[in-house]
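J.: predicted model, plus sequence, below.
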Amino acid sequence: MTPAARLALLLMVLAAAAGSLFLWNPRRLLTQGLLAPDVPAVWAGLGFVLVFAIGTLAFFPKPVLNIAAGVFFGIPAGLVLAVAGTTLGAVLAFALGRGLGREALQPFLRGKVLGALDRRLTEQGFRSVFLLRVVPGVPFQAVNFAAAFSGVRLHSFAAATALGVLPGTAAYVVAGSSASSPTSPAFLISAGVMVALAVLTFGSMWRSRRAITAPTAHGVA
């Protein structure tokens, strides 16, 4: 296949994954099937990680799955499973992007901005991915494919993802685990962290919008 054909296939796969959510719902599959009382704990955990990974690939809201991890598995196990599912989903997206899209997008990476981003991700893969995961407001899938289209190594990408998503994931897992006790310190702290993450996310989006619109407004003036 030509690079353009592989890129088209990548877009079709992602569109099909997102469209599949009209046919299945990760939360319903977990509550009505994989996490039923008669399912052994080992299989329930493995199934949760797989559904989590496929759900993130299909653009299902990751915070909902993080909360579900806390509700069904508690804090220690839920955190491990949520991070594992997040990392697996990121690796799947990375593999698709690296295999189907990187070669087709190489000509676009010769530009000044994209070229600088590509060099930074390639030369400082772990550090760059880690920072992008920790900073609120950076879209999960955008980091997956930006890394895939660059020269980041897979093991650096996976390790940085697992460590970078840990703080935010922990807040949602703790909230899910302690949701039945909304006045408990664990729930209040996790809720506060989630509010702080939301504020930082909106602040980051606002600054990004100002950075984009300011040159345009200056040029018009």
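T.: That came in fine, so what should we check first? Since we're looking at a predicted model, the values are computed, not measured.
J.: what's the pLDDT at the spatially most central residue of the chain?
T.: Among the residues of the chain, the smallest C-alpha distance to the mean C-alpha position (C-alpha atoms, centre = their mean) belongs to residue 140, namely 3.3 Å. Residue 140 is assigned 91 on the pLDDT scale.
J.: distance of it from residue 104?
T.: 22 Å (C-beta to C-beta, to the nearest Å). In short, each C-beta sits where N, CA and C put it, glycine included.
J.: still on that earlier bit, what's around the residue lying closest to the residue nearest to the centre of the chain once chain neighbours are set aside, how many residues?
T.: Spatially, and ignoring its direct neighbours in sequence, residue 140 is nearest to residue 62 (6.1 Å; C-beta to C-beta, 6 or more residues apart in numbering). If you count neighbours by other C-beta atoms under 10 Å, residue 62 ends up with 21.
J.: what do you get for residue 22?
T.: The criterion is other C-beta under 10 Å. On that basis, residue 22 has 7 neighbouring residues.
J.: quick check: it vs residue 60, distance?
T.: Here residue 22 is placed at a distance of 12 Å from residue 60 (C-beta to C-beta).
J.: same check, this time on residue 160
T.: Between residue 160 and residue 60 the distance, using C-beta to C-beta, works out to 22 Å.
J.: between those two, which one's more packed in?
T.: Neighbour comparison, residue 160 and residue 60: the larger count goes to residue 160, with 25 against 21 (by other C-beta under 10 Å).
J.: surely that one and residue 130 touch.
T.: Yes - in terms of C-beta atoms under 8 Å, residue 160 counts as a neighbour of residue 130; the distance is 4.0 Å.
J.: could you look up the SS state of residue 93?
T.: helix (DSSP: H, G, I helix; E, B strand; the rest coil).
J.: and the closest residue to it other than its chain neighbours, how many neighbours?
T.: Residue nearest to residue 93 in three dimensions, not counting chain neighbours: residue 144, with 3.8 Å by C-beta to C-beta, 6+ apart. Using other C-beta under 10 Å, residue 144 has 24 neighbouring residues.
J.: can you pull the contacts of residue 144?
T.: Residues in contact with residue 144, defined by C-beta atoms under 8 Å, 6 or more residues apart in numbering, are 90, 93-94, 97.
J.: repeat that for residue 120.
T.: With contacts defined as C-beta under 8 Å, 6+ apart, residue 120 is in contact with residue 128.
J.: give me the three-state assignment for it.
T.: Per three-state DSSP, the secondary structure class of residue 120 is helix.
J.: any idea how far residue 144 is from residue 124?
T.: Distance check for residue 124 against residue 144: by C-beta to C-beta, it reads 17 Å.
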